[in-house]
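Asker: generate a structure from the sequence data that follows.
(chains A and B)
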Amino acid sequence: MNKQLITIQEVAKKLGVSLDTLRRWDKNGKLKSIRLTPTGHRQYNLDDIESLSENIFSIAKNWVTGENPKEPEDKFYCADSIRFQSRLTYLENDLRNLPNTEKDFSLIVAATGEIGNNSFDHNIGSWTDIRGIFFAYDINKRQIVLADRGQGIFKTLKRVKPSLSTDKDALITAFSEKISGRAPESRGNGLKFVRKIITQSDNNLSIYFQSGNAILNLKNGDLDLNITQSYFSINGCLAFINF
Amino acid sequence: MIIELKKFGTTLTSRQSGKEALLAFRPILNLVPANEKIEIDFSGVNTFTPSWGDEFLTSLQNEYRERFFLKESFNLSVKATIEILEETNEIKFQIKK
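Answerer: A predicted model of the protein is given here:
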């Protein structure tokens, strides 16, 4: 496959960083250049650089809050669970080849899988407008984003726990109690598993998870659930993992 | 009988595929003699989640109980999944080293 290559000067301009920074990133593996000969100039794959300059969280947030619902761009869109499972294996492969994630890759993929699967499992047949999820990751920035325009945590859990009254209560329940939004089916491990991985594992994972107007921020070592109120509300879920 | 999970895939994450795996394997399980142990081998599995594990492992644990064993795995997602399944389902898997 022919790839369009660009110079280090063009990359510096696109990413807004200095030439020295790019040379350092090349040396430490954060952003490797391509050299056509051993002494040749540093060059970069244009597609890689364009994806680097994208802010996947902003794209996901704009999609999940958009008033005129439309399907996300194809490269971010998993219309069904099968497509999500397939793209999850790409994430797995990329993480296995990334420095410092050889050991933790399975936890990052598992947490991502549980969040995405949760969206599908709880919204089958009841998507608010757009079926499926937004799923993107940026290996260089070490970020993963998932979003859905589904029912959200509050509506899902309210059916089995009528005493819930706020998005905040619903998030606390989802991340701490044994409860299934699909009762009487025995489910409801997914988000507690995500909490366990983020807070207890020996790594630098953190997550921003929003449903309705409640935001949960979790990082390694956290004992309590730190939930704040957002200035914007969403129907479904928006998750942002940093690793 | 040893069940090698890698034969179902190396990224075992969704409930649907866990449920399907058990359904597909059921005819083979039905041939296992009543006194034979069932062992799960995780080698070769890259990523494992509670969703898949709950459909497959919890179901087998509830069915075969003292005859059901998990071979020890050092994969972090397998270890974390086993712990959360034990906590939420109030069960204890027998781990074979």
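
Asker: check what pLDDT residue 19 gets.
Answerer: Assuming you mean chain A. Residue A:19 is assigned a pLDDT of 91 by the prediction.

Asker: wait, chain B
Answerer: Residue B:19 carries a pLDDT score of 95 in this model.

Asker: distance of the residue positioned nearest the centre of chain A relative to residue B:51?
Answerer: When chain A is reduced to its mean C-alpha position, the nearest residue by Cα atoms, centre = their mean turns out to be residue A:145, at 2.1 Å. For residue A:145, the distance to residue B:51 (Cβ to Cβ, to the nearest Å) stands at 20 Å. Backbone N, C-alpha and C define where each C-beta goes, glycine included.

Asker: again, but for residue A:118
Answerer: Plainly put, residue A:118 is 8 Å away from residue B:51 if you go by Cβ to Cβ.

Asker: now residue B:32
Answerer: When distances are taken as Cβ to Cβ, residue B:32 and residue B:51 turn out to be 25 Å apart.

Asker: same check on residue B:9?
Answerer: Using Cβ to Cβ, we find residue B:9 at a distance of 13 Å from residue B:51.

Asker: and residue A:223, by the same measure?
Answerer: Summarising the geometry, the distance separating residue A:223 from residue B:51, computed by Cβ to Cβ, is 25 Å.

Asker: neighbour count: the two, which is higher?
Answerer: Applying other Cβ atoms under 10 Å in any protein chain shown to residue A:223 and residue B:51 shows that residue B:51 carries more neighbours, namely 27 against 6.

Asker: now do the residue nearest to that one when sequence neighbours are not counted against residue B:50, distance only.
Answerer: Leaving aside its sequence neighbours, residue B:51 sits nearest to residue B:15 (Cβ to Cβ, 6 or more residues apart in numbering or on different chains; 4.5 Å). Remark: distance between residue B:15 and residue B:50 (Cβ to Cβ) = 9 Å.

Asker: comparing these two, which shows the higher neighbour count?
Answerer: Ranked by neighbour count (other Cβ under 10 Å), residue B:15 and residue B:50 place residue B:50 first, with 34 against 24.

Asker: give the contact list for the nearest residue to residue A:131 once chain neighbours are set aside.
Answerer: Taking Cβ to Cβ, 6+ apart as the measure, residue A:131 lies nearest to residue A:79, with 6.0 Å between them; neighbours along the chain are not counted. By Cβ atoms under 8 Å, 6 or more residues apart in numbering or on different chains, the contact list for residue A:79 reads A:71, A:131, A:132.

Asker: how about these in CSV, adding neighbour count, pLDDT and secondary structure?
Answerer: What follows is the contacts of residue A:79, written out as CSV (neighbours: other Cβ atoms under 10 Å in any protein chain shown; pLDDT from 0 to 100; DSSP: H, G, I helix; E, B strand; the rest coil):
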residue, neighbour count, pLDDT, secondary structure
A:71, 13, 96, coil
A:131, 19, 97, coil
A:132, 22, 98, coil
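
Asker: looking at those, which is nearest chain B?
Answerer: residue A:132 (14.0 Å; Cβ to the nearest Cβ).

Asker: quick one: name the residues of chain A near chain B.
Answerer: By Cβ under 8 Å from any Cβ of the partner chain, the part of chain A that sits against chain B consists of A:81, A:85, A:88-89, A:92, A:96, A:103-107, A:109-110, A:113-114, A:117, A:120-121, A:178, A:186-190, A:192-193, A:196-197, A:201.

Asker: what about those, which are in helices?
Answerer: A:81, A:85, A:88-89, A:92, A:96, A:105-107, A:109-110, A:113-114, A:117, A:120-121, A:190, A:192-193, A:196-197 (DSSP state H).

Asker: any quick ChimeraX command for the buried ones out of those?
Answerer: Those of those that count as buried under 16 or more other Cβ atoms under 10 Å in any protein chain shown are selected in ChimeraX with:
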select /A:81,85,88,89,92,105,106,107,109,110,113,114,117,120,121,190,192,193,196,197
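
Asker: got the CA coordinates for the helix or strand of chain A with the lowest mean pLDDT in PDB?
Answerer: When each helix and strand of chain A is scored by mean pLDDT, DSSP states H and E, helix A:46-52 comes last, with a mean of 79. Provided in PDB are the C-alpha atoms of helix A:46-52 (Å, rounded to 0.1, in the frame of the first residue of the first chain):
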ATOM      1  CA  LEU A  46       0.600  11.500   6.800                       C
ATOM      2  CA  ASP A  47      -2.400   9.400   8.000                       C
ATOM      3  CA  ASP A  48      -0.600   8.800  11.400                       C
ATOM      4  CA  ILE A  49       0.000  12.500  11.900                       C
ATOM      5  CA  GLU A  50      -3.500  13.500  11.000                       C
ATOM      6  CA  SER A  51      -4.900  11.000  13.500                       C
ATOM      7  CA  LEU A  52      -2.500  12.400  16.100                       C
END
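
Asker: can you pull out the low-pLDDT segments for chain A?
Answerer: Residues of chain A meeting the criterion pLDDT under 70: A:1-2, A:180-188.

Asker: so which residues of the chain form helices?
Answerer: With no chain named, the answer covers chain A. Assigned by DSSP H, chain A shows helices spanning A:8-15, A:19-28, A:46-52, A:56-65, A:81-96, A:105-123, A:152-158, A:167-176, A:190-200.

Asker: um, chain B though
Answerer: Going by DSSP H, chain B shows helices at B:15-29, B:50-53, B:59-64, B:76-89.
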